[in-house]
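Enquirer: Let me see the structure of the following:
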Amino acid sequence: MTEPRDNQLEALGAFIRDKRKLANLSLRQLAERTRLSNPYLSQIERGLHQPSVRVIRVISDALNVSAETLLTQAGLLRHDRTDTAAEARTMTVEEAIQSEDRLSVDQKSALVAVFRSMLPVE
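Expert: As a prediction, the model looks like this:
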């Protein structure tokens, strides 16, 4: 029987993997950005290892997503209804797309690509 903690680690790992793929980063590239090893990142993505807060911060910085978002997606951090409304106002478009459970990874990737293509070049 799968423990709730295992499910949370799997959810966190899946979210990190989805964000990495959406950013078109290989596991090796993410390892270089975070200065973490490929095997360690692979274990995190597969839900086999519980990362420390420091590691979550390093990964979130490399993926350009808040550590809070990573923890929320894994079910390790919960918001009450008033916090959810405030978060919706500050959530980026890309985070909103990623948090939509009704979309597949490919659909999310396509939507983000379309969104990015409409942004002015800086």
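Enquirer: name the helices or strands packed onto the longest helix along the chain?
Expert: What stands out as the longest helix in the chain, according to DSSP state H, is helix 4-22. If you count contacts as 3 or more Cβ pairs under 8 Å, 6 or more residues apart in numbering; DSSP states H and E, helix 4-22 packs onto helix 38-45, helix 53-63, helix 67-73, helix 93-99, helix 105-117. In short, each C-beta sits where N, CA and C put it, glycine included.
Enquirer: what's the following helix or strand after it?
Expert: Next helix or strand after helix 4-22 toward the C-terminus (DSSP states H and E): helix 27-34.
Enquirer: Which strands or helices does that next one pack on?
Expert: So helix 27-34, by 3+ Cβ pairs under 8 Å, 6+ apart, packs with helix 38-45, helix 53-63.
Enquirer: again, only using 10 Å
Expert: With contacts taken as 3 or more Cβ pairs under 10 Å, 6 or more residues apart in numbering; DSSP states H and E, helix 27-34 sits against helix 4-22, helix 38-45, helix 53-63.
Enquirer: For the longest one, C-alpha coordinates in CSV please.
Expert: What follows is helix 4-22 as a C-alpha-only set of coordinates in CSV (Å, rounded to 0.1, in the frame of the first residue of the first chain):
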residue,chain,number,x,y,z
PRO,A,4,0.5,9.4,1.6
ARG,A,5,4.1,10.7,2.0
ASP,A,6,5.1,8.6,-1.0
ASN,A,7,2.3,10.1,-3.0
GLN,A,8,3.5,13.6,-2.1
LEU,A,9,7.0,12.8,-3.1
GLU,A,10,5.8,11.4,-6.4
ALA,A,11,3.6,14.4,-7.0
LEU,A,12,6.6,16.7,-6.3
GLY,A,13,8.9,14.7,-8.5
ALA,A,14,6.3,14.7,-11.4
PHE,A,15,5.8,18.4,-11.1
ILE,A,16,9.6,19.1,-11.2
ARG,A,17,9.9,16.8,-14.2
ASP,A,18,7.0,18.5,-16.0
LYS,A,19,8.5,22.0,-15.3
ARG,A,20,12.0,20.8,-16.4
LYS,A,21,10.6,19.4,-19.7
LEU,A,22,8.5,22.6,-20.2
